[in-house]
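K.L.:
build me a model:
(2 chains)
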Protein chains: 2
Amino acid sequence: MNKIDIEALYKITYGLYIVCSGDENYGNGFISNTVFQVTSAPSKFAACCNKNNFTAEIIKKYNAFSVSILSINASPDLFGKFGYKSGKDCDKMTGMQIKYGETGVPIILDESIAFMEFRVVQTVDVGTHLMFIGELVTAGILDQLNEPMTYTYYRQVRKGIAPKNAPTYVDKSKLNDEAVEFAFKKFECPVCGYIYDEDAESVKFVDLPDDWICPICGAEKSDFIEV
Amino acid sequence: MNKIDIEALYKITYGLYIVCSGDENYGNGFISNTVFQVTSAPSKFAACCNKNNFTAEIIKKYNAFSVSILSINASPDLFGKFGYKSGKDCDKMTGMQIKYGETGVPIILDESIAFMEFRVVQTVDVGTHLMFIGELVTAGILDQLNEPMTYTYYRQVRKGIAPKNAPTYVDKSKLNDEAVEFAFKKFECPVCGYIYDEDAESVKFVDLPDDWICPICGAEKSDFIEV
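P.N.:
A predicted model of the protein is given here:
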């Protein structure tokens, strides 16, 4: 008997952030939902990063990172760039509005309501991921009007899913038979890798309107490939 | 110049949870806003706990803990009991609806929409707090209808504040002069210790209606003491 109901895990509340590191010559970042305060005196925060994630190497090298708190209005383009592409294949800093912090790390200002900057004081190996514990160096508000993007909103309204490197990624193929209904199909976006999962969405892909587009990168429905 | 704008820290998104440990004979728990997934394979979560917090001792002893995800409708009484009282002074399990997990720890079912249970696999010392890393043992849904309580909702709608042991506690007396307006007063609830802070609320305590009550425990306005 499966005693783990995956739905319970979705009831945990997260925000969405761009975690960045590097310097004026080179920077990289990724979208994270696991940034949180761990102590108040001094103010220390943790950020989880998959060991396969290119930014993990950059944070280790520079020993500092920034966090941009995404606005509820953050665009699919931003999610496509920082959530589904690797810094190994492209320079994510190109075209972004950036300021450099006290530690020298780039801080993304686009589509963010606030930012924070940290010096790494501890690195914890938690298995597939590293948890960087950082002491707060600077923090500021960028946008007083908009609410922060939450992971719930991203999932429920934007129909987004966690990328493979996220701590909250669910590999449904590894769940047992009772939990998965194999009559449902999945369709992959060839541009950003987003998976439309009929099981999760409760709407057959074929029944989506013809002008439906990828919620992450805006690719057309006709470009999707069944997986 | 103070380069840390505390308001930025409030833009981080958190849920609210009861973290519990113990067994059928003895249990204790506290309200936490820092529960989050750190890896997906296997499913591991972290929970932060102040070293002064009585539950920290209990988790260390039993090497397991449960997490109840609070409903948006969770009552002030529950916050009073699990957020502002210590298990050293009272038995928090009395009167609660409890089930015991695979590991034997109590899981609070009251006013919660889902629960999870963990076996501790790693304990990280992050200064004033311990971070317990637990591997998921069981998880289930308790209430399909209600949304989870968020820390933002608790602060903005319920007018709640973080207790002294929380990672997100803000000791405004330690901020520099520029950041604090000392013309504002604070009033403490003698029952649960809740502080009404005129600065944060933007309404003088004297201007609150006479039938205003403590948002945490329901104590009367006339009982409050200026601090």
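
K.L.:
touching chain B at all, the worst-scoring helix or strand of chain A on mean pLDDT?
P.N.:
Lowest by mean pLDDT, DSSP states H and E among the helices and strands of chain A is helix A:198-201, with a mean of 77. No - on the criterion Cβ under 8 Å from any Cβ of the partner chain, helix A:198-201 is out of touch with chain B, staying 15.8 Å away. To be clear about C-beta, it is placed using only N, CA and C from the backbone, and glycine gets the same treatment.

K.L.:
how about that helix: buried residues?
P.N.:
By 16 or more other Cβ atoms under 10 Å in any protein chain shown, the buried positions in helix A:198-201 come out as A:Glu198.

K.L.:
could you find the closest non-adjacent residue to the residue nearest to the spatial centre of chain A?
P.N.:
By Cα atoms, centre = their mean, chain A has its centre lying nearest to A:Ile31, at 2.9 Å. Residue nearest to A:Ile31 in three dimensions, not counting chain neighbours: A:Gly83, with 4.1 Å by Cβ to Cβ, 6 or more residues apart in numbering or on different chains.

K.L.:
so for the stretch of helix or strand that neighbour belongs to, mean pLDDT?
P.N.:
Element membership for A:Gly83 (DSSP states H and E) is helix A:76-84. Averaging pLDDT along helix A:76-84 gives 85.

K.L.:
the very next helix or strand once past that helix - contacts with which helices or strands?
P.N.:
Next in sequence after helix A:76-84, counting helices and strands by DSSP H and E, comes strand A:98-100. Applying 3 or more Cβ pairs under 8 Å, 6 or more residues apart in numbering or on different chains; DSSP states H and E, we find strand A:98-100 packed against strand A:106-108.

K.L.:
so the strand it packs on, near chain B or not?
P.N.:
No - Strand A:106-108 stays clear of chain B (Cβ under 8 Å from any Cβ), getting no nearer than 11.5 Å.

K.L.:
what angle do the first helix or strand past that strand going along the chain and helix A:76-84 make?
P.N.:
On the C-terminal side of strand A:106-108, the nearest following helix or strand under DSSP H and E is strand A:112-125. Here strand A:112-125 runs at an angle of 10 degrees relative to helix A:76-84 (axes from the mean of the first three to the mean of the last three Cα atoms, to 10 degrees).

K.L.:
circling back to that earlier point, that's a helix at the residue nearest to the centre of chain A, yeah?
P.N.:
No - counting by DSSP: H, G, I helix; E, B strand; the rest coil, A:Ile31 is not found in a helix; it is strand.

K.L.:
quick check: beta-bridge partners of it?
P.N.:
Applying DSSP bridges to A:Ile31 yields these beta-bridge partners: A:Ile18.

K.L.:
if we can go back for a sec, contacting residues for the residue nearest to A:Ile31?
P.N.:
A:Gly83 makes contact with A:30-31, A:160, A:163, A:216 under the criterion Cβ atoms under 8 Å, 6 or more residues apart in numbering or on different chains.

K.L.:
again with A:Glu24
P.N.:
Counting by Cβ under 8 Å, 6+ apart, A:Glu24 has contacts A:100, A:104, A:106.

K.L.:
re the thing from before, now the residue nearest to the centre of chain A: how far from chain B?
P.N.:
For A:Ile31, the distance to chain B equals 14 Å [Cβ to the nearest Cβ, to the nearest Å].

K.L.:
go on, A:Lys3?
P.N.:
From A:Lys3 over to chain B (counting by Cβ to the nearest Cβ), the distance is 4 Å.

K.L.:
for A:Tyr154, same thing?
P.N.:
11 Å.

K.L.:
how about that residue, nearest residue that isn't a chain neighbour?
P.N.:
In space, and not counting its chain neighbours, A:Tyr154 is closest to A:Gly160: 4.5 Å by Cβ to Cβ, 6+ apart.

K.L.:
identify each buried residue in the helix or strand harbouring A:Thr55, please.
P.N.:
Here A:Thr55 sits within helix A:54-62, counting by DSSP H and E. Within helix A:54-62, the residues that count as buried by 16+ other Cβ under 10 Å are A:54-59, A:62.

K.L.:
one more: stretch A:43-52?
P.N.:
Neighbour-count burial for stretch A:43-52, counted by 16+ other Cβ under 10 Å, picks out A:43-50.
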